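Q: what follows is a protein structure lacking sequence information:
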């Protein structure tokens, strides 16, 4: 009987146009618009590029100019693109944003900028580091002149001011969080189809529910078949979405088995949410759908669906919300995979999602089993 129930449950799921719209078409469309809007911003805004800078030579400073030449040598370690100009041309170039700053070379090195950016920060750090080294050499020249030549050679050998440290092989773009949130929303939208499914086994909700209540099937077999059919469909939808976004160009890292587990647990919690809301017998299906939409969207918004930083703000003020918000747990699981080299945080989120889904399903089954009808 289970196979029979599961087969027909799958057929009805495949014909459910509303479920397809909200769980597949809408998330894919939203993700596509997001990618078109800012999918390439990470490359433009956060990947380090050679910094163009104008140099105005007010007086000769051979040591500083040697350092600039070292930092502007073409190759993998090139940091600056230096162009010597007159002061007027340098100011014009800065106003036109052709350069990020003007360095005035004299006995006292100065920097002029017009805005705050990571390029400006790098330039300031370079100048500060040079001044520190210059002071060290000056002090050595005063206290131990014989050691000056060795100190200069050591400093010239250490021309690298910054070292690239790879903390993770995953994508660390803040913009990718929006796509994580799209997956979270899509998983929670599985609750819409679950409401209709549960309504079809309740005699006081639908005529189909009346007929099914008269069948010899146990509630356990019926509910299990319905749940598994929804899980198969929803998980398939999430996998299709993942493949689509990867083809589109979104970088989710390379830990695909772990990502699939996130999508599986997310599908479970979304369906479980719809099952427990659908098990409320004294409420219309429209009202239940309204509750699902409200809850799903509210949880997704708190997981950074519409603005990056909301989830982090909640983490610093009321972290318990992020611990029980399934959308936040899904987003955080993606984040943990891409940022951390251990699985502690990821495993904690998966256990929480699985535990929440199981608890909701057990409560829903107990509620459905206790439903009694005076007549059918």
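A: Cool, the structure landed. Since this is a predicted model, take the numbers as computed values, not measurements.

Q: in the helix or strand containing residue 329, what's buried?
A: Using DSSP states H and E, residue 329 sits in helix 326-339. Neighbour counts over helix 326-339 (16 or more other CB atoms under 10 Å) mark 326-338 as buried. For every residue, glycine as well, the C-beta is placed using N, CA and C.

Q: and residue 330, how far is that from residue 301?
A: For residue 330, the distance to residue 301 equals 14 Å [CB to CB, to the nearest Å].

Q: oh, that last question was meant for residue 120, not what I typed.
A: For residue 120, the distance to residue 301 - CB to CB - is 34 Å.

Q: same thing with residue 278?
A: Per CB to CB, residue 278 is found 23 Å from residue 301.

Q: what's residue 255 sitting at in phi/psi?
A: phi -100, psi 70 (degrees, to the nearest 10).

Q: for residue 51, same thing?
A: According to degrees, to the nearest 10, residue 51 has phi -100, psi 120.

Q: what's residue 86 in contact with, if anything?
A: Counting by CB atoms under 8 Å, 6 or more residues apart in numbering, residue 86 touches residue 56.

Q: quick check, pLDDT for it.
A: pLDDT recorded at residue 86 is 90.

Q: residues near the nearest residue to residue 104 once chain neighbours are set aside, how many?
A: Among residues not flanking residue 104 along the chain, residue 110 sits closest, at 4.3 Å (CB to CB, 6 or more residues apart in numbering). Residue 110 is flanked by 12 other residues according to other CB atoms under 10 Å.

Q: can you pull out the strands in the stretch 51-200 of the chain?
A: Counting by DSSP state E, counting those that start in this stretch, residue ranges of the strands within the stretch 51-200 of the chain are 51-57, 80-84, 102-105, 110-112.

Q: residue 244: which of those strands is closest?
A: strand 51-57 (36.8 Å; CB to CB).

Q: return the distance of the biggest helix by length in the chain from the chain's centre.
A: For the chain, the longest helix by residue count, based on DSSP state H, is helix 219-248. When distances are taken as CA atoms, centre = their mean, to the nearest Å, helix 219-248 is centred 22 Å away from the chain's centroid.

Q: which other helices and strands contact it?
A: helix 2-14, helix 26-38, helix 176-188, helix 190-199, helix 256-278, helix 344-370 (3 or more CB pairs under 8 Å, 6 or more residues apart in numbering; DSSP states H and E).

Q: buried residues in it?
A: Neighbour-count burial for helix 219-248 [16+ other CB under 10 Å]: 222-231, 233-235, 237-239, 241-242, 245.

Q: and stretch 90-109, by the same measure?
A: 90, 91, 93, 94, 99, 100, 101, 102, 103, 104, 105, 109.

Q: mind splitting the chain into its structural domains?
A: Split into domains by automatic domain parsing, the chain comes to 2-42+173-370, 49-157.

Q: need the pLDDT of residue 312.
A: If you check residue 312, the pLDDT there is 87.

Q: let me redo that: residue 12
A: Predicted confidence (pLDDT) for residue 12: 73.

Q: residues contacting it?
A: Contacts for residue 12 (CB under 8 Å, 6+ apart) come out as 197, 200, 229.

Q: if we use 10 Å, what do you get?
A: Residues counted as contacts of residue 12 (CB atoms under 10 Å, 6 or more residues apart in numbering) are 19, 193, 196, 197, 200, 208, 226, 229.

Q: my read: residue 23 touches residue 182, true?
A: No: using CB atoms under 10 Å, residue 23 is not in contact with residue 182; the gap is 11.5 Å.

Q: pretty sure residue 284 contacts residue 277?
A: No: counting by CB under 10 Å, residue 284 stays clear of residue 277, with 12.0 Å between them.

Q: among these two, which residue is more densely surrounded?
A: Each of residue 284 and residue 277 has its neighbours counted (other CB under 10 Å); residue 277 has more, 22 against 10.

Q: what about the closest residue to the more buried one other than its chain neighbours, how many residues nearby?
A: Distance criterion CB to CB, 6+ apart; nearest residue to residue 277, sequence neighbours excluded, is residue 288 at 5.2 Å. Counted with other CB under 10 Å, residues neighbouring residue 288 total 23.

Q: residue 255 too?
A: Neighbours of residue 255 (other CB under 10 Å): 17.

Q: over to the one 5 residues further on?
A: Look at residue 260: counted by other CB under 10 Å, it has 14 neighbours.

Q: same question, residue 258
A: As a burial measure, residue 258 scores 17 neighbours (other CB under 10 Å).

Q: what sits against it?
A: 333, 334, 336, 337, 343, 346, 347, 350.

Q: next, give me the two most distant ones among the residues you listed.
A: Taking CB to CB as the measure, the contacts of residue 258 span a maximum distance of 14.0 Å, between 334 and 347.

Q: quick one on the thing from earlier: these two touch, right, the residue nearest to residue 104 and residue 58?
A: Yes: with contacts counted by CB under 10 Å, residue 110 reaches residue 58, the gap being 9.0 Å.

Q: average pLDDT for the helix holding residue 329?
A: For helix 326-339, mean pLDDT is 92.

Q: mind giving me the packing neighbours of it?
A: With contacts taken as 3 or more CB pairs under 10 Å, 6 or more residues apart in numbering; DSSP states H and E, helix 326-339 sits against helix 176-188, helix 256-278, helix 285-301, helix 310-317, helix 319-324, helix 344-370.

Q: excluding its backbone neighbours, what's nearest residue 356?
A: residue 269 (5.8 Å).

Q: what of residue 51?
A: Once flanking residues are discounted, residue 51 sits nearest to residue 119: 4.7 Å by CB to CB, 6+ apart.
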